[in-house]
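Asks: Turn this into a structure:
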Amino acid sequence: MIAPLAMADSLYLSSLAGPSLDAADHPRHAATVRITHWINTFSFFGLLLSGFAILLAHPRFYWGETGTVGTPSLFRLPLPFVLTGQTGWGRSLHFSSAWVCVLSGAFYVVSGLVTGHFRRDLLPRAADLGWRPVAKVISKSLRWERPGAGESPTYNVVQRLTYLGVIFVLFPVAIWTGLAMSPAVTSVFPFLADAAGGVQSARTLHFFAAGFLVLFLLLHIAMVCLAGFRARVWSMIAGRYE
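Replies: Numbering: from 1, shown residues only. The predicted structure follows:
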């Protein structure tokens with residue numbers, strides 16, 4: 001499982017939205033969002049590094065309960081088997097980083113539910129769900145337009161739908177499939193692997209969930225850079241625009 005759960009919130013000040021004229025006078029990110037964001041950022045890079053090491057050890061994917069080098073694979077990545085039998089450190093780092101990410105993310109989700117952050121800032125308005133509002137936002141993002149100084153810093157409809165999908169779909173899938181690959185966990189809760197179709201099926205689903213999360217991160221960084229990297233990063237550190 002890779003990915004910082006609270007990282008989605010950092011786009012509050014990024015992408016197509018720019019600061020309003022009096023944005024410097026108002027706090028933008030709550031302390032809970034900032035703290036969990038940076039905890040998950042560092043755990044994310046631990047997950048990336050260790051996940052890639054594990055992938056190099058066996059870049060083949062299967063469907064079902066079992067799968068080895070000598071059996072047909074569902075697909076394989078064009079990577080060499082360079083670390084076979086030498087991924088103890090990678091698995092240990094992946095496991096530790098994953099639990100830090102899960103616990104920090106769980107705290108973020110509970111806080112968001114209690115404070116009404118998800119309902120207030122992420123749930124799309126019915127008026128914004130039409131084809132024209134969505135198409136307008138997508139068109140502007142594809143042109144990579146830098147936001148103007150007077151634009152509202154609130155989430156647009158595409159951001160809201162994306163964040164909800166990442167928080168409540170991709171992350172749960174990554175957590176579920178990650179647990180389904182653990183022999184210690186499945187010995188107590190075998191239904192986790194059974195629901196995925198087997199341990200190897202869980203590994204394959206885990207890979208795709210991780211891939212979509214990495215894609216989200218790359219777009220996130222690109223949008224932050226477009227909207228103003230230093231101001232956005234500073235707001236996630238201090239809670240206010242510079």
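
Asks: quick one, strands of this structure?
Replies: Along the chain, counting by DSSP state E, strands occupy 60-61, 75-76.

Asks: is it true that F107 touches T32?
Replies: Yes - using C-beta atoms under 8 Å, F107 is in contact with T32, at 7.5 Å. C-beta coordinates here come from the backbone N, C-alpha and C atoms, glycine included.

Asks: before we move on, back to that, most tightly packed of the strands of the chain?
Replies: strand 60-61 (a mean of 20; mean count of other C-beta atoms under 10 Å).

Asks: rewinding a little: got the strands of the chain as a markdown table, with mean pLDDT and distance to I175 columns?
Replies: Converted to a markdown table, the strands of the chain look like this (pLDDT from 0 to 100; distance: least, C-beta to C-beta, whole Å):
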| stretch | mean pLDDT | distance to I175 |
| --- | --- | --- |
| strand 60-61 | 94 | 19 |
| strand 75-76 | 92 | 23 |
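
Asks: closest one to V102 among those strands?
Replies: strand 60-61 (23.3 Å; C-beta to C-beta).

Asks: Touching, G112 and F118? I think so.
Replies: Yes - the pair G112 / F118 is scored as a contact, 4.7 Å apart, by C-beta under 8 Å.

Asks: Near F42, how many other residues are there?
Replies: For F42, the neighbour count with other C-beta atoms under 10 Å is 14.

Asks: Worst mean pLDDT across the helices and strands of the protein, which element?
Replies: Within the chain, no helix or strand scores below helix 131-142, which has a mean of 70 by mean pLDDT, DSSP states H and E.
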